[in-house]
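In: model this:
(one chain, ligands or ions: 2)
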Amino acid sequence: VRLAYKLAPSVLAADFARLGEQVKTVEPFADLFHVDVMDGHFVPPITIGPVVVKALRRVTTRPLECHLMVTEPDRQLPQFAEAGADAVVWHLEASPDPRPLLRRARELGLRAGLAINPETPLAAARPYLPEVDVLNVMTVNPGWAGQAFLAEVLPKIREARAAVEEAGLACDIAVDGGVSLETAPACLDAGANVLGAATAIFGQPDPAAAAAALRALLEERVARTP
Ligand code: DX5
Ligand code: ZN
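Out: Ligands and ions are numbered 1, 2, ... in the order given. Here you go, the predicted model:
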């Protein structure tokens, strides 16, 4: 199967005073934008909500994927749909039975995904893989940009790719956290096809050049895949 490789810059490390401008700078290299929503409960920090998504919606035509690190995704999800999100990803740890919310996301016309923390085994998400568009495999503990990549998650990525292939599913496998030019190759080798990255893009002196370099890494994979 030919994988669609995607780069998902995460705005969490952007300069929020110039958010629109920063998004525009990396847009040519981005397949979608990853928007980290934290509620101060599921994770300690509070980040951004639907008003920012609404503002971003006016700036870019790229899909906006909201990663909900919130304790009540069922209560929050509709607001993000309303604000213009194209995809929502929420944590299995916050919603042990994701089926009703998956249904709701579909009704709202959204792409839907599940995220799993580093300690959560693939087995927890496996039953839902046929119903989701993306499995977001966290390669850091959620909460902050700029954390170190957890290489111990790599076997789980491999396992996820095997499960998806075995069942012939279209589910994307995304990595999120500590993804950089140094760590991305191992993620791609393990079977991830979506790279989420905040610091490796917006934390760099030249975000466009950094995004271009990650993009080049993906293009090289495409070229190498038979
Ligand atoms: C972490 C967020 C990530 C974060 C990644 O809780 O879900 O999406 O933005 O940041 P970096 O790429 O800096 O690790
Ligand atoms: Zn995220």
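In: which parts of the protein are strands?
Out: For the chain, the strands defined by DSSP state E cover 6-9, 33-38, 64-69, 87-91, 111-116, 134-138, 172-176, 194-197.
In: quick check: residues of this protein near ligand 1?
Out: Counting by Cβ under 6 Å from any ligand atom, the chain comes close to ligand 1 at 10, 12-13, 34, 36, 67, 140, 142-143, 145-147, 176-179, 196-200. For glycine as for every other residue, the C-beta is placed from the backbone atoms N, C-alpha and C.
In: which residues sit in contact with whichever residue of the chain sits closest to ligand 2?
Out: Closest contact between the chain and ligand 2, by Cβ to the ion, is at residue 67 (3.7 Å). If you count contacts by Cβ atoms under 8 Å, 6 or more residues apart in numbering, residue 67 has them with 10, 34-37, 89-90, 115, 136, 176, 196.
In: in JSON lines, list these along with pLDDT and neighbour count.
Out: As requested, the contacts of residue 67 are exported to JSON lines (pLDDT from 0 to 100; neighbours: other Cβ atoms under 10 Å):
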{"residue": "10", "pLDDT": "98", "neighbour count": "24"}
{"residue": "34", "pLDDT": "98", "neighbour count": "26"}
{"residue": "35", "pLDDT": "98", "neighbour count": "27"}
{"residue": "36", "pLDDT": "98", "neighbour count": "24"}
{"residue": "37", "pLDDT": "98", "neighbour count": "27"}
{"residue": "89", "pLDDT": "98", "neighbour count": "29"}
{"residue": "90", "pLDDT": "98", "neighbour count": "29"}
{"residue": "115", "pLDDT": "98", "neighbour count": "24"}
{"residue": "136", "pLDDT": "98", "neighbour count": "28"}
{"residue": "176", "pLDDT": "98", "neighbour count": "25"}
{"residue": "196", "pLDDT": "98", "neighbour count": "31"}
